[in-house]
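Peer 1: sequence unknown, structure follows:
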């Protein structure tokens, strides 16, 4: 995919959308890669004992999946200059089944001189935002 041209962008336009499914196997793979073996990510009993609805996805897993939408749109993961979020809600992952995470990337600002764009993400499960103030600065120049 080629990098978008700043000249073709309009503030407020949705530049990318994606539905991401998260299953327990995804959590196992992420735990192995990240070395985050906290039982809230694999043990329902433990997760409930600490006040969660059950097993939840790793916050950094959710964050990473969401930004992939922007790096794919930008055509290069190296185009991501800055990325920040606030974790607002957990992502419960049922067994059996999966969680469905909806991501919408909207162009919020463009700096033609710097060759950058800020993309704001709406990341939600069942209509409730799970990441707040999710903003990505992308190099497009």
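Peer 2: That came through fine. The model shown is predicted, which means the values in this text are computed figures rather than measured ones. Numbering: from 1, shown residues only.
Peer 1: right, and residue 90 touches residue 51 too?
Peer 2: No - counting by CB atoms under 8 Å, residue 90 stays clear of residue 51, with 10.2 Å between them. Heads up, the C-betas are built off the backbone N, CA and C, glycines and all.
Peer 1: Does the residue of the chain most remote from its centre fall in a helix, a strand, or a coil region?
Peer 2: Distance from the C-alpha centroid of the chain, by CA atoms, centre = their mean, peaks at residue 113 (27.8 Å). Assigned by DSSP: H, G, I helix; E, B strand; the rest coil, the conformation of residue 113 is coil.
Peer 1: Pull up the per-residue confidence for it.
Peer 2: pLDDT for residue 113: 95.
Peer 1: and what of residue 135?
Peer 2: 98.
Peer 1: residue contacts, it?
Peer 2: Going by CB atoms under 8 Å, 6 or more residues apart in numbering, residue 135 touches 82, 83, 84, 85, 108, 118, 119, 120, 121.
Peer 1: repeat that for 6 Å
Peer 2: For residue 135, the contacting residues are 84, 118, 120, by CB atoms under 6 Å, 6 or more residues apart in numbering.
Peer 1: same thing with residue 6?
Peer 2: 110, 112, 140.
Peer 1: That concludes my questions; thank you for your assistance.
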